[in-house]
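Participant: show me how the following folds:
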Amino acid sequence: MLRIGIREAARRTGVSHTVISEVESGRRLPTVRTFERLRRGLGLDASPHILLRPASRWGLEVHLVRLAACLWASGGRITITDLAGALGIHATAVREQLSLSRPASPPAGSR
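Facilitator: Model prediction:
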């Protein structure tokens with residue numbers, strides 16, 4: 001929309017061109033800090049709500065079941081990043097859902 005290249009956007013915002021490329025292609029969600037740098041540097045009028053992914057066709061319960069299964073299978077030795085990759089969701093969503101799954105999964109090694 002702005003008719004500038006990724007490297008020019010990186011220069012204007014201070015965000016690496018790699019990160020901008022991944023955000024633009026949908027492979028990465030920017031952090032709130034990165035979003036603000038992009039918004040200010042590019043003069044965008046956008047709400048942070050655009051950082052939220054659209055609701056999955058799978059409900060929260062499906063993610064919680066998958067999360068509990070991953071925790072159980074790992075014996076509690078799995079990182080949030082690994083869980084996010086296994087579930088196909090963002091690490092922030094895993095953090096939020098961990099607190100919801102904790103009461104149902106203490107034997108799974110949830111910490």
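Participant: just give the nearest non-adjacent residue to the residue nearest the centre of the chain, would you?
Facilitator: Geometric centre of the chain, nearest residue: His90, 3.0 Å, by C-alpha atoms, centre = their mean. Take His90 and drop its neighbours on the chain: the residue closest to it by C-beta to C-beta, 6 or more residues apart in numbering is Leu29, 5.4 Å away. The C-beta positions use only the backbone N, C-alpha and C, and glycine is treated the same way.
Participant: try Leu83
Facilitator: Val94 (4.8 Å).
Participant: count of neighbours near Ala10?
Facilitator: Residues near Ala10, counting by other C-beta atoms under 10 Å, number 19.
Participant: which residues touch it?
Facilitator: Counting by C-beta atoms under 8 Å, 6 or more residues apart in numbering, Ala10 touches 16-17, 20.
Participant: secondary structure element for it?
Facilitator: helix 6-13 (DSSP states H and E).
Participant: report the contact partners of Val19.
Facilitator: 28, 30, 34.
Participant: look up phi and psi at the residue nearest to the centre of the chain.
Facilitator: The phi and psi values for His90, taken as degrees, to the nearest 10, are phi -70, psi 150.
Participant: select the longest helix from this protein.
Facilitator: helix 60-74 (DSSP state H).
Participant: any weak-confidence spans in this protein?
Facilitator: Scanning the chain for pLDDT under 70 picks out 48-61, 63-64, 87, 97-111.
Participant: circling back: wait, the residue nearest to Leu83 touches Ala68, no?
Facilitator: No - judged on C-beta atoms under 8 Å, Val94 makes no contact with Ala68 at a distance of 11.9 Å.
Participant: in terms of neighbours, single out the busier of the two.
Facilitator: Val94 (22 against 19).
Participant: count of neighbours near Gly88?
Facilitator: Count around Gly88 with other C-beta under 10 Å applied: 10.
Participant: do the same with Thr13
Facilitator: 19.
Participant: name the nearest residue to it, ignoring sequence neighbours.
Facilitator: Excluding the flanking residues, the one nearest Thr13 by C-beta to C-beta, 6+ apart is Gly41, at 3.1 Å.
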